[in-house]
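K.L.:
prediction below, plus the sequence it came from.
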Amino acid sequence: MSVVTAAVPPAEADPQGANLGTYARNYAARVRGGEMGSLPAILGLIVLVVVFSVLRPRFLTALNFANLFQQGSAVVVIAMGLVFVLLLGEIDLSAGFASGVCAAVLAITLTNHHWPWYGAVLAAMVTGVVIGTVLGLLVAKVGIPSFVVTLAAFLAFQGVNLLLLKDGTIVSVQDKTILLVDFSGKLPPIWGWILLVLTVGVFGLVQVMRRTRRLSNGLAADPMSVVIVRVGTMLLVLGAMVYVLNLNRAINPLLFTQEGVPVIIPIIGVLLIIWTFVLSRTAYGRHLYAVGGNQEAARRAGINVDTIRISAFVICSSMAAIGGIIAASRANSVDPNTGGSNVLLDAVGAAVIGGTSLFGGKGRVLDAILGGAIIAVIQNGMGLLGYKSGIQFVVTGIVLLLAASVDALSRRRASTAGLR
């Protein structure tokens with residue numbers, strides 16, 4: 001009994017008597033013990049926003065704020081899929097060009113074969129599922145390391161893109177529904193506020209219900225003051241976002257208006273909710289973490305390790321397909337470089353910078369959004385300051401290295417403290 005009492009923080013051992021101060025002290029103890037979570041990414045994002053806002057006030061304008069979301073959306077979505085592979089301690093180097101192949105399928109079926117938008121989207125998604133299934137089978141069943149398999153696919157998909165697009169042809173995407181995804185789609189201002197109320201309301205309800213359920217079962221639960229702070233913080237942050245995005249950000253506001261929350265934001269929000277639920281509230285999610293933490297132990301516990309590994313690659317490539325659709329919408333076209341350049345590096349960097357471990361077993365889908373936001377802020381802010389791409393790449397690389405170093409050091413500290 002004494003061992004159990006010593007291992008459980010006071011706020012968790014006595015949830016009824018816990019308060020915000022006790023919770024904060026326990027959280028600080030966990031951070032010192034190596035459980036840093038998304039804290040470094042959040043602090044880094046705040047520092048970057050403050051620095052660029054001071055150096056270049058135009059950084060915080062409504063127009064630039066909206067561009068940040070739209071410019072980094074495809075990378076964020078691809079990174080969300082990569083989180084599943086990284087949780088297993090694997091890697092998918094082909095995700096960038098896989099998104100390009102799926103985007104090419106979308107554009108060709110839309111423009112050349114005149115398919116309806118939903119048929120073209122379905123074709124692109126099926127392409128992503130097939131790609132992920134093949135990669136997963138080669139890794140899980142044949143036993144080829146994921147680095148080798150996906151490196152080969154990285155090279156092959158560049159050729160597939162060239163073949164599909166006839167050695168460099170640019171295929172235009174003019175379907176109005178597809179363009180709404182990340183090019184022209186904006187919610188009416190009133191719907192932005194309605195979406196805000198619904199989002200915060202549902203989040204608060206889930207938090208209260210979870211706390212009530214845990215207390216009724218005699219389990220540890222966060223104090224109500226912490227729940228209130230979480231809901232209040234979300235309301236303030238999202239409320240500020242909606243307010244800024246509802247401003248008229250047209251270059252010439254006297255001639256036309258450009259206002260409203262970009263459609264891509266609720267799309268990413270829905271994906272975040274779905275995959276967060278899968279990872280945190282389903283047996284599949286628990287099995288994924290178990291396989292990433294210790295594959296042999298998971299196998300002995302009766303988990304079908306091969307199925308979990310294959311499914312992770314399928315999810316990754318499916319999200320790459322969605323990323324390709326977003327990229328096609330953003331550019332109004334698809335070319336052989338779609339999904340190429342630094343898309344893959346930015347996507348992997350986003351997941352790692354956000355807090356997903358390269359060693360497997362630790363990470364959340366939210367990490368991809370936080371990391372993607374950091375990369376977008378760096379690129380956008382340094383672009384406004386006049387720095388060339390070379391400097392931007394160097395800074396992004398340094399930030400990625402720092403994130404990986406924090407991950408390695410926190411795991412070592414957690415291991416020393418007996419938390420792993």
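P.N.:
That came through fine. In this text the structure is predicted, and so the values were computed from the model without any measurement.

K.L.:
which helix or strand contains R25?
P.N.:
Taking DSSP states H and E as the criterion, R25 maps to helix 20-32.

K.L.:
check which helix or strand D222 maps to.
P.N.:
Counting by DSSP H and E, D222 is part of no helix or strand.

K.L.:
and the helices in the stretch 151-300 of the chain?
P.N.:
Secondary structure of the stretch 151-300 of the chain (DSSP state H, counting those that start in this stretch): helices at 176-182, 189-216, 224-245, 264-281, 283-293, 295-300.

K.L.:
which among these is found nearest to N64?
P.N.:
With C-beta to C-beta as the criterion, N64 lies closest to helix 224-245 of the helices of the stretch 151-300 of the chain, at 10.1 Å. Where C-beta positions appear, they are placed from N, C-alpha and C, glycine not excepted.

K.L.:
buried stuff in that closest one?
P.N.:
226-227, 231, 234-235, 238, 241-242, 244-245 (16 or more other C-beta atoms under 10 Å).

K.L.:
TSV for those residues, including pLDDT?
P.N.:
Shown next, in TSV, are the buried residues of helix 224-245 (pLDDT from 0 to 100):
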residue	pLDDT
V226	87
V227	89
V231	94
M234	93
L235	95
L238	94
M241	92
V242	94
V244	91
L245	91
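
K.L.:
nearest to L60, of those?
P.N.:
Among those, V244 lies closest to L60 (C-beta to C-beta), at 8.2 Å.

K.L.:
surely the closest one is in contact with L63?
P.N.:
No. V244 lies out of contact with L63 (C-beta atoms under 8 Å); the separation is 10.0 Å.

K.L.:
mind checking the end-to-end distance for stretch 111-119?
P.N.:
For stretch 111-119, the first-to-last residue distance is 12 Å (C-alpha to C-alpha, to the nearest Å).

K.L.:
list the buried residues of that stretch.
P.N.:
111, 115, 117.

K.L.:
could I get the contacting residues of the most centrally placed residue in the chain?
P.N.:
Residue closest to the mean C-alpha point of the chain, counted by C-alpha atoms, centre = their mean, is A368 at 2.7 Å. Applying C-beta atoms under 8 Å, 6 or more residues apart in numbering, one finds that A368 lies in contact with 76, 79-80, 82-83, 347, 350-351, 354, 356.

K.L.:
same deal with F183?
P.N.:
Contacts for F183 were tallied using C-beta under 8 Å, 6+ apart; they are 329-330, 332.

K.L.:
buried ones among these?
P.N.:
For the contacts of F183, buried by 16+ other C-beta under 10 Å: 329-330.

K.L.:
so of the contacts of F183, which ones are in helices?
P.N.:
Under the assignment DSSP state H, these contribute 329-330 to helices.
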